[in-house]
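Novice: A structural model of the following input is requested.
(chains A and B)
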Amino acid sequence: EAQVTQNPRYLITVTGKKLTVTCSQNMNHEYMSWYRQDPGLGLRQIYYSMNVEVTDKGDVPEGYKVSRKEKRNFPLILESPSPNQTSLYFCASQRLAVGDTQYFGPGTRLTVL
Amino acid sequence: GQNIDQPTEMTATEGAIVQINCTYQTSGFNGLFWYQQHAGEAPTFLSYNVLDGLEEKGRFSSFLSRSKGYSYLLLKELQMKDSASYLCAVKGDYKLSFGAGTTVTVRA
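Specialist: Numbers count the residues shown, from 1 in each chain, chains lettered A, B, ... in the order given. A predicted model of the protein is given here:
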């Protein structure tokens, strides 16, 4: 089954404790992206990647890191989480074709105390 | 940059029709997407418009006017399961920029 997976689905942590949210897709998509979703603000892009070893900042990259060492994986790293990073996070992937939609993972609900 | 506006909330009765408007101002345009998102779940694709006009898909239709920077999503024969948030998203080169979403509540 074609899908985007994220782990963990739920995470409660404390300020300053490094964490990684994994994202994996099995559709051989070149493009991958991370979003955060907050009430009233919609989905905002954190980082994206056009292909292996190619990443770039989105609209709200501060406090986050990513890497793209393999085509299928695009982990999101929070080196020192803070309470303002409490949010719902989605990973997405798509082919590099203009009309193609993005496919979203199930989401990771992160709470930073 | 992108500026995408859609109403925050709409309420309608089961069996009725609801139209969700989306206006946008963008620096580049490669199409407009509509997604449906149930609370706490991932967005799922509904429609894509890149040329002006109406695209119909069963109970859902989407319209685009590029010259006016305007789109709408039309939901017909509303069902309770259509209660969800509907996201308008404009595509630049490859990046998708999203509106804040419209929460539609369907009442019996």
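
Novice: Would you map the strands across chain B?
Specialist: Secondary structure of chain B (DSSP state E): strands at B:3-5, B:9-13, B:18-25, B:32-37, B:44-49, B:53-57, B:60-65, B:70-75, B:84-91, B:96-98, B:102-107.

Novice: right, so of those strands, which gets closest to A:Tyr31?
Specialist: Comparison of the strands of chain B against A:Tyr31 by CB to CB identifies strand B:96-98 as nearest, at 10.1 Å. All C-beta atoms are positioned from the backbone trio N, CA, C, and that covers glycine.

Novice: and that closest one, is it in reach of chain A?
Specialist: Yes - applying CB under 8 Å from any CB of the partner chain, one finds strand B:96-98 in contact with chain A at B:Leu96, B:Ser97, B:Phe98.

Novice: neighbours around B:Cys88, how many?
Specialist: The tally of other residues near B:Cys88 (other CB atoms under 10 Å in any protein chain shown) stands at 27.

Novice: Give me every residue in chain A lying close to chain B.
Specialist: By the rule CB under 8 Å from any CB, the part of chain A lying against chain B is A:31, A:33, A:35, A:40-45, A:48, A:50, A:58, A:88, A:90, A:94, A:96, A:98-99, A:101-107, A:109.

Novice: repeat that for 7 Å
Specialist: Within chain A, the positions near chain B by CB under 7 Å from any CB of the partner chain are A:31, A:40-43, A:45, A:48, A:50, A:90, A:96, A:98-99, A:101-102, A:104-107.
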